[in-house]
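Visitor: Whatever this is, show me its structure:
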Amino acid sequence: MASEIGRRRFAAIEGYRGIAALAVAAGHSVVFFGNCAPWHSYLAVDFFFILSGAVLAHSYDARLMDGRLSPWEFIKLRALRLYPVIVMATLAAIVVHSLIFAAHSGATPFRNYGSLLWSGLLTTLLVPQFWMGEFYPINQPFWSLLFELIVNVLFVTTFRLLWGWRLIAIIALSYLAMIILTPSSKSFVQGFHTEYAALALSRATYGFFVGVFISRSTRGKPLNANAPFLAGALVLAVIFWAPALTAVHFDLAATLLLLPPVAWLAVKIEPVGILESSARFMGKVSYPLYAFNLPFVLFAAACVKVAGLRTVAAGWLIGVAFLLASVLTAYAVDRLADEPLRARLKKIL
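Guide: Coordinates of the predicted model:
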């Protein structure tokens with residue numbers, strides 16, 4: 001999901017990434033928002049893959065092509081970008097599950113503190129926990145980070161091959177795999193379950209290389225415009241808040257027909273003025289918001305249970321407050337922990 005950004009700042013991509021992360025946070029907050037939660041917020045993951053491919057291709061194609069950046073250096077950069085937040089969010093999840101244990105105030109998949117700590121250790125190493133039926137039961141959204149790194153490795157190790165018709169071929173084959181592997185529910189919501197590992201890999205491969213294709217086919221100076229940026233944001237909101245549609249393959253259609261054009265728009269335009277600064281802010285909070293959100297939800301839900309606040313009004317108020325607090329906390333994590341830690345690690349490595 002997260003990515004280094006080269007000479008161009010990609011404010012539109014950062015803004016859209018923030019919108020997608022906020023949709024994920026709201027989707028996880030169904031305990032507060034009920035039927036008004038975004039039913040298709042999990043498609044934000046597919047959008048993250050597309051945006052990641054677009055930005056990484058823009059940032060690294062030239063350096064990988066002329067040898068200024070080796071595959072190993074690229075992988076180190078990606079690990080450096082992703083891992084500090086992974087470790088911090090896992091520690092936060094361990095604390096939250098421990099508090100739930102102590103207060104007997106919520107649901108947790110772990111039997112005791114030992115299994116919790118073991119899962120936390122494996123999660124920091126991104127080792128899938130197949131025996132529990134989920135990749136990372138301590139923090140379910142991390143499944144997408146595993147497959148992000150897998151396709152990053154695929155990208156850099158096949159870099160000189162996947163151009164032109166070969167790039168189009170891998171996009172087509174991975175989408176065909178998505179069609180074949182989509183469950184009878186027609187939904188991608190099960191991504192965090194290890195049973196759907198093949199579907200997860202095909203989603204990541206398709207999305208990432210669609211982003212690579214978009215980047216390589218839309219080089220040039222972007223257009224400074226706010227109206228197209230707002231139009232793209234509206235399309236994202238419609239996708240994520242669309243009603244549950246079990247009669248049609250909405251998720252397959254969205255990943256083919258809706259998400260790629262919005263990503264293309266994000267590459268072609270840049271918002272200006274207050275929209276640009278807002279987009280940059282949302283981009284900075286997007287990754288920690290995504291990574292920390294589920295532990296925050298579990299903690300907030302446990303607090304609501306302890307306090308006995310079960311009315312609809314209380315749920316809405318707490319839900320809005322929770323999202324605002326989550327965004328501010330994510331910003332604090334980025335500025336006070338993630339950025340300084342990555343700068344220090346970059347000097348060491």
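
Visitor: what about the helices in the stretch 1-150 of the chain?
Guide: Applying DSSP state H, counting those that start in this stretch to the stretch 1-150 of the chain gives helices spanning 11-28, 30-33, 43-65, 71-103, 113-124, 143-157.

Visitor: any idea how far the closest residue to L289 other than its chain neighbours is from N35?
Guide: With sequence-adjacent residues excluded and distances taken as Cβ to Cβ, 6 or more residues apart in numbering, L289 is closest to A330, at 3.9 Å. Heads up, the C-betas are built off the backbone N, CA and C, glycines and all. Using Cβ to Cβ, to the nearest Å, we find A330 at a distance of 26 Å from N35.

Visitor: Looking at those two, which is more packed in?
Guide: A330 (28 against 8; other Cβ atoms under 10 Å).

Visitor: So the residue nearest to P261 when sequence neighbours are not counted, which state does it fall into?
Guide: The shortest distance from P261 to any non-neighbouring residue, by Cβ to Cβ, 6+ apart, is to V235 (7.9 Å). In three-state terms, and counting by DSSP: H, G, I helix; E, B strand; the rest coil, V235 is helix.

Visitor: so who does V235 touch?
Guide: L258, P261, V262 (Cβ atoms under 8 Å, 6 or more residues apart in numbering).

Visitor: coming back round to it: secondary structure class for the residue nearest to L289?
Guide: A330 - assigned by three-state DSSP - is helix.

Visitor: Surely it is in contact with F292?
Guide: Yes: if you go by Cβ atoms under 8 Å, A330 and F292 touch, sitting 6.3 Å apart.

Visitor: And the residue nearest to P261, how close does it get to L43?
Guide: Applying Cβ to Cβ to V235 and L43 gives a distance of 12 Å.

Visitor: ok, now L181?
Guide: Taking Cβ to Cβ, one finds L181 at 16 Å from L43.

Visitor: more crowded one of the two?
Guide: L43 (28 against 16).

Visitor: which residues sit in contact with that one?
Guide: F188, I239, F240, D251, A254, T255, L259.

Visitor: rerun that using 6 Å as the cut-off
Guide: L43 sits next to A254 when contact means Cβ atoms under 6 Å, 6 or more residues apart in numbering.

Visitor: Next, count neighbours for the nearest residue to M88 once chain neighbours are set aside.
Guide: Distances taken as Cβ to Cβ, 6+ apart place A337 nearest to M88, at 6.2 Å, with adjacent residues excluded. Neighbour count of A337, defined by other Cβ under 10 Å: 14.

Visitor: Assign a three-state SS to A337, would you?
Guide: Quick answer, by three-state DSSP: A337 is helix.

Visitor: could you measure it against L91, distance?
Guide: Distance from A337 to L91, by Cβ to Cβ: 11 Å.

Visitor: cool, L69 as well?
Guide: 31 Å.

Visitor: out of those two, which sits in the busier spot?
Guide: Between L69 and L91, counted using other Cβ under 10 Å, the more crowded position is L69 (17 against 13).

Visitor: Model confidence score at that one, please.
Guide: pLDDT recorded at L69 is 94.

Visitor: Repeat that for G220.
Guide: 80.

Visitor: helix, strand or coil for it?
Guide: G220 is classified as coil under three-state DSSP.

Visitor: burial count for it?
Guide: Based on other Cβ under 10 Å, the number of other residues close to G220 is 7.

Visitor: Was I right to think A54 contacts S215?
Guide: Yes: between A54 and S215 there is a contact at 4.4 Å, judged by Cβ atoms under 6 Å.

Visitor: and the two? which has more neighbours close in?
Guide: A54 (27 against 20).

Visitor: Identify the residue nearest that one in space, chain neighbours excluded?
Guide: Nearest one to A54, counting by Cβ to Cβ, 6+ apart, is G211 at 3.8 Å.

Visitor: Pull out the buried positions in the helix or strand harbouring the one you found.
Guide: Using DSSP states H and E, G211 sits within helix 197-217. The neighbour-count check on helix 197-217 (16 or more other Cβ atoms under 10 Å) flags 197, 199-216 as buried.

Visitor: from the chain's centre, how far out does that helix sit?
Guide: From the chain centre to the centre of helix 197-217 is a distance of 14 Å (Cα atoms, centre = their mean, to the nearest Å).

Visitor: can you check stretch 216-233 too?
Guide: Using Cα atoms, centre = their mean, the offset of stretch 216-233 from its chain centre is 21 Å.

Visitor: which residues sit against that stretch?
Guide: A12, I19, A57, V262, L265, V267, K268, I269, E270, P271, V272, L275.

Visitor: Nice, that's everything, thank you.
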